[in-house]
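1. got a predicted model here, sequence first, then my questions.
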Amino acid sequence: MGYYAYALVYEHDEKYDLAEQEYEALILGNQAANFSVGANLAMAFMLAIEQEYEELEMATRMFQNTVMRLRYSSVPTLITPRGMTFGGTRYVNDFQRPI
């Protein structure tokens, strides 16, 4: 996974809990040159070669669950991409609702 995909999966779940309980919206962005350049295919390839299918499935499921939480969150999410945005996080932009 790219940095943003990693951060989206592993760091934003708690931020959604906080936003839904105490705030009116959540803003996602970063200061990197690129918003996200997609999944880490080398990691996925290595997991497949090593037959670590459960870990590969877990990483995929966690990302999918996080993106679905973003889509159906009770608070609006503003996404502020810059630079390149590829892969699954490209679709994150489609989930924005008008504020």
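-> Yes, it's here. Quick caveat: nothing in here was measured; it's all calculated off a predicted structure.
2. for the rest of this, base every contact and every neighbour count on C-alpha atoms.
-> OK.
3. mean confidence score for the helix or strand Met62 falls within?
-> Per DSSP states H and E: Met62 is located in helix 53-72. Mean pLDDT, computed over helix 53-72, is 84.
4. pull out the buried positions in that helix.
-> By 16 or more other Cα atoms under 10 Å, the buried positions in helix 53-72 come out as Leu56, Ala59, Met62, Phe63, Thr66, Val67, Leu70, Arg71.
5. out of those, who's nearest Tyr91?
-> Nearest to Tyr91, judged by Cα to Cα, of the buried residues of helix 53-72 is Val67 at 8.9 Å.
6. still on that earlier bit, and the helix holding Met62, what does it pack onto?
-> On a contact count with 3 or more Cα pairs under 8 Å, 6 or more residues apart in numbering; DSSP states H and E, helix 53-72 meets helix 3-10, helix 41-49, helix 88-92.
7. which positions in the shortest one come out as buried?
-> Meaning helix 88-92. Within helix 88-92, judged by 16+ other Cα under 10 Å, the buried ones are Gly88, Thr89, Arg90, Val92.
8. what's the angle from the one helix or strand Asp17 maps to to helix 53-72?
-> According to DSSP H and E, Asp17 maps onto helix 12-22. Here helix 12-22 points in a direction 30 degrees away from that of helix 53-72 (axes from the mean of the first three to the mean of the last three Cα atoms, to 10 degrees).
9. tell me which helix or strand comes right after helix 12-22.
-> By DSSP H and E, the next helix or strand past helix 12-22 is strand 26-28.
10. helix or strand next in line after that next one, which one?
-> Remark: after strand 26-28, the chain's next helix or strand is strand 36-37, criterion DSSP H and E.
11. show me what that next one is packed up against.
-> helix 3-10, strand 85-86.
12. try 6 Å
-> Under the contact criterion of 3 or more Cα pairs under 6 Å, 6 or more residues apart in numbering; DSSP states H and E, strand 36-37 touches strand 85-86.
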